[in-house]
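Participant: sequence and predicted structure, then a few things I'm wondering about:
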Amino acid sequence: MEEHPQLMPLLTVAAGPMRGCRFRLPQRPQVIGRDPTVDIVVHDPHLSRRHVEIWRAGEGTALVDLGSTNGTWVNDRRATEVVQLSDGDVIRVGCTELRFFDPGVARTDPVGFSFELPRQERRTTRPLPTTVASPTLPGRSGASETAAVLGGHR
């Protein structure tokens, strides 16, 4: 699966100071925290230096809080022991909200996630016309009738 990163589980930062960042989860365990030496550094002052550990276990992914001050929350429940993650789970650490996506058991689709190669084709565009045709009433023609319809005098 390492050779196909799009098949690896994914954490996306949905809220907090690093909103929009994405982290793929390799086979080895990953420690999340604010210390620059951890695997996934999250710049949130409400995180402990070593806050939570997440790892792939068999067919799934699990996490455990590492004794953090503010705790780790999964789907609004405090994680007090090892928690098995499911696709779509919301993990809250400090003021940061992470969404967990696992393409192996996906029920959800993170924005921009695609197994296809990017398309290289482009559609040609045509410029919009710059002149506007004058409206005419059926059975009439000429500038004086058009001016009368538009409320002008001639």
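Facilitator: All right, it came through fine. Numbering: from 1, shown residues only.

Participant: please make it C-alpha for all contacts and neighbour counts, starting now.
Facilitator: Noted.

Participant: helix, strand or coil for the closest residue to Gln84 other than its chain neighbours?
Facilitator: Leaving out its chain neighbours, the residue that sits closest to Gln84 by C-alpha to C-alpha, 6 or more residues apart in numbering is Ala62, at 4.4 Å. Assigned by DSSP: H, G, I helix; E, B strand; the rest coil, the conformation of Ala62 is strand.

Participant: the helices in this protein, which residues?
Facilitator: When secondary structure is read from DSSP state H, the chain shows helices at 143-149.

Participant: check the gap between the residue nearest to Gln84 and Val82 for me.
Facilitator: Separation of Ala62 from Val82 (C-alpha to C-alpha, to the nearest Å): 7 Å.

Participant: Asp65 and Trp55 touch, don't they?
Facilitator: No: using C-alpha atoms under 8 Å, Asp65 makes no contact with Trp55, being 12.0 Å away.

Participant: follow-up on the earlier one: Ala62 and Val82 - which one has more neighbours?
Facilitator: Under the neighbour definition other C-alpha atoms under 10 Å, Ala62 and Val82 were set side by side, and Ala62 has more, 16 against 12.
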